[in-house]
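Participant: return a 3D structure for these sequence lines:
(2 chains)
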Number of protein chains: 2
Amino acid sequence: MPSISLADVIAASERLEGVANRTPVLTARSLDEATGADRVLLKAENLQRVGAFKFRGAYNAVACLRPDERARGVATVSSGNHAQAVALAARLHEIPAVILMPEDAPTGKLAATRGYGAEVVLFDRYAEDREALLAALAQERGVVPIHPYDDLNVMAGQGTVALELIRDAGPIDVLLVCLGGGGLLSGCATAVAGLSPTTRVIGVEPEAGDDFVRSLAAGERVRIPVPRTIADGQQLPIPGELTFPIVQELVSEVVTVSDEEIIAAMRFLFERVKTVAEPSGACALAALLSGKVDVAGARVGVTISGGNVTAERFAELVG
Amino acid sequence: MPSISLADVIAASERLEGVANRTPVLTARSLDEATGADRVLLKAENLQRVGAFKFRGAYNAVACLRPDERARGVATVSSGNHAQAVALAARLHEIPAVILMPEDAPTGKLAATRGYGAEVVLFDRYAEDREALLAALAQERGVVPIHPYDDLNVMAGQGTVALELIRDAGPIDVLLVCLGGGGLLSGCATAVAGLSPTTRVIGVEPEAGDDFVRSLAAGERVRIPVPRTIADGQQLPIPGELTFPIVQELVSEVVTVSDEEIIAAMRFLFERVKTVAEPSGACALAALLSGKVDVAGARVGVTISGGNVTAERFAELVG
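Facilitator: Residues are numbered from 1 along each chain as shown, chains lettered A, B, ... in the order given. Have a look, this model is predicted:
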């Protein structure tokens, strides 16, 4: 299976230099106290362009296109943040983009994607197969698909999250990463394996969407029904073909969190850290706050992977 | 009337070095677009210790006490953030603190103040005179009162907000400052007058609590009924005795914002900047977003003065 290396992640970080935000590492005394960690280091990708880490992978993938591919334009399928990320990456490269989005995606995400100048095509996420739809669109229109996670350039781009965290905040003992299709986790695990091989890398997925936990137990990719969870960035039925083997090889463990634990983490971030995370963006911290991972005395990196939640939706969730 | 100078603000900044957070200056493309400014620079005092700028003034005031005063301990009256600030400043100096707080202050603020080890005494903000209560307490117990704004060391400490903003972000044409009793505004106006005399400094108070607007028009301090507004940090009936003359002399203008405009600013900060402001903390930005101040093409500093709002309260306000 084709894979990526630390060198690919470093090359991606050079392409992203001056384009992606070098997001801050947030800390809070209350967080160290609540978890028993020596220090919790939050990598604030909610402050990334388009409000999520997805910009890194999308931009890296578009930047790696050949001139003939750029001329054809790009397409993708995404529940939201990758959609905005591809739309913005395409605009920055001055090429057209077509985005397949679930018709129940948050309205703010639909509007933002259109706002970046992309064409949006809606589909029913519970009835239609997203991979087949993207393949059909690519064939019909000749556009180049940029898969949200099963794409080596996307995976390398997402790995720059861990690269930057370690470069900016120093060594870490544990890294907790939000896990949907596995793009962020496989990229970060690759970066960490190269930079800091003794660091434990842990993936966190929603309880209702435990396809990675099941797949790791089975030793092969297992498909589950499309999960119903508030974590709309992680409603995926099966691990990626390219991401799964990397997770198998490099990730210590995958744990799950309930929707209630995710809401508690969103609330903690709001009240104590004064920062906004969407449900999928708070799930790695949810695992830490609910005691799913032993971090006593450790330096712990945590991805806050996105912050795209409307005030109304936040109010519904915490109210 | 005794006053302060830029030198006092600089001396305060030296006392705060390594103790207060040097809070970041946040920017967002969406904010520049929404306002027509060249650049909007948000001084994120919601990320200050205790969640508000109040820590600066309180710490500076406690640090300036004589040894005999420290031995007696300190006291104050505050609707919340100054309470926590004095409590923490006292703890860091290992002296006792007694805090008078309105009985309808947000529960989170009451709990936090007690959490810093201070004794809390409750009063009815609509029935009792806070100044008289504090004076009585100081006399009974021999504690040293640290007024929330009418105290030269507090005012000098708050002025470090503007000092840091200009040092970190460079020259500004306009500075918008949240205004309650005038501690932050008088301190910031003093710093700006010394550093950058052509910068316009503008205070922003809630519509229902327009005691500064009325007082400036009258040419003397005017008392109004205790205002009812969501901006609980600005429910004050009259400008400070020490702060008012400085505002008269150095501030270009005071404008007001409605509760609805404040909520819109809190929502904007949440959705676009991914940061949390309490109502009083968002009021300077509210003036900018609602077009109360002409900032076309200008570099505009804005204080986000505090972030102490519970998720539940935020949900009530925006829901």
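Participant: if you drop the residues flanking it in sequence, what lies closest to the residue most central in space within chain A?
Facilitator: The centroid of chain A falls nearest to residue A:184 when counting by C-alpha atoms, centre = their mean (4.8 Å). Leaving out its chain neighbours, the residue that sits closest to residue A:184 by C-beta to C-beta, 6 or more residues apart in numbering or on different chains is residue A:158, at 4.4 Å. For every residue, glycine as well, the C-beta is placed using N, CA and C.
Participant: got the contact list for the one you found?
Facilitator: By C-beta atoms under 8 Å, 6 or more residues apart in numbering or on different chains, the residues touching residue A:158 are A:53, A:54, A:56, A:57, A:149, A:183, A:184, A:186, A:187, A:188.
Participant: apply 7 Å and report the result again.
Facilitator: A:53, A:56, A:57, A:183, A:184, A:187, A:188 (C-beta atoms under 7 Å, 6 or more residues apart in numbering or on different chains).
Participant: same question for the least confident helix or strand in chain A by mean pLDDT: list its buried residues.
Facilitator: Lowest by mean pLDDT, DSSP states H and E among the helices and strands of chain A is helix A:107-115, with a mean of 86. Residues of helix A:107-115 classed as buried by neighbour count (16 or more other C-beta atoms under 10 Å in any protein chain shown): A:108, A:109, A:110, A:112, A:113, A:114.
Participant: ok, the first one touching residue A:310?
Facilitator: Yes - assessed by C-beta atoms under 7 Å, residue A:108 is found in contact with residue A:310 at 5.1 Å.
Participant: for chain B, what is the nearest residue in the stretch 101-250 of chain A?
Facilitator: Nearest residue of the stretch 101-250 of chain A to chain B, counting by C-beta to the nearest C-beta: residue A:108, 7.4 Å away.
Participant: quick check, pLDDT for the residue of the stretch 51-200 of chain A found nearest chain B.
Facilitator: Here the stretch 51-200 of chain A gets closest to chain B at one residue, residue A:51, 6.9 Å apart by C-beta to the nearest C-beta. Listed pLDDT for residue A:51 reads 94.
Participant: give the contact list for it.
Facilitator: A:81, A:306, A:307, A:308, B:274.
Participant: residue contacts, the second one?
Facilitator: Under the criterion of C-beta under 7 Å, 6+ apart, the neighbours of residue A:306 are A:45, A:46, A:51, A:52, A:53, A:81, A:233, A:278, A:280, A:281.
Participant: distance of the closest residue in space to residue A:233 that isn't next to it in sequence from residue B:271?
Facilitator: Leaving aside its chain neighbours, residue A:233 sits nearest to residue A:280 (3.2 Å; criterion: C-beta to C-beta, 6+ apart). Computed as C-beta to C-beta, to the nearest Å, the residue A:280 to residue B:271 distance reads 16 Å.
Participant: the two: which is more packed in?
Facilitator: residue A:280 (29 against 21; other C-beta atoms under 10 Å in any protein chain shown).
Participant: how far away is the more buried one from chain B?
Facilitator: Look at residue A:280 and chain B: by C-beta to the nearest C-beta, to the nearest Å, they are 14 Å apart.
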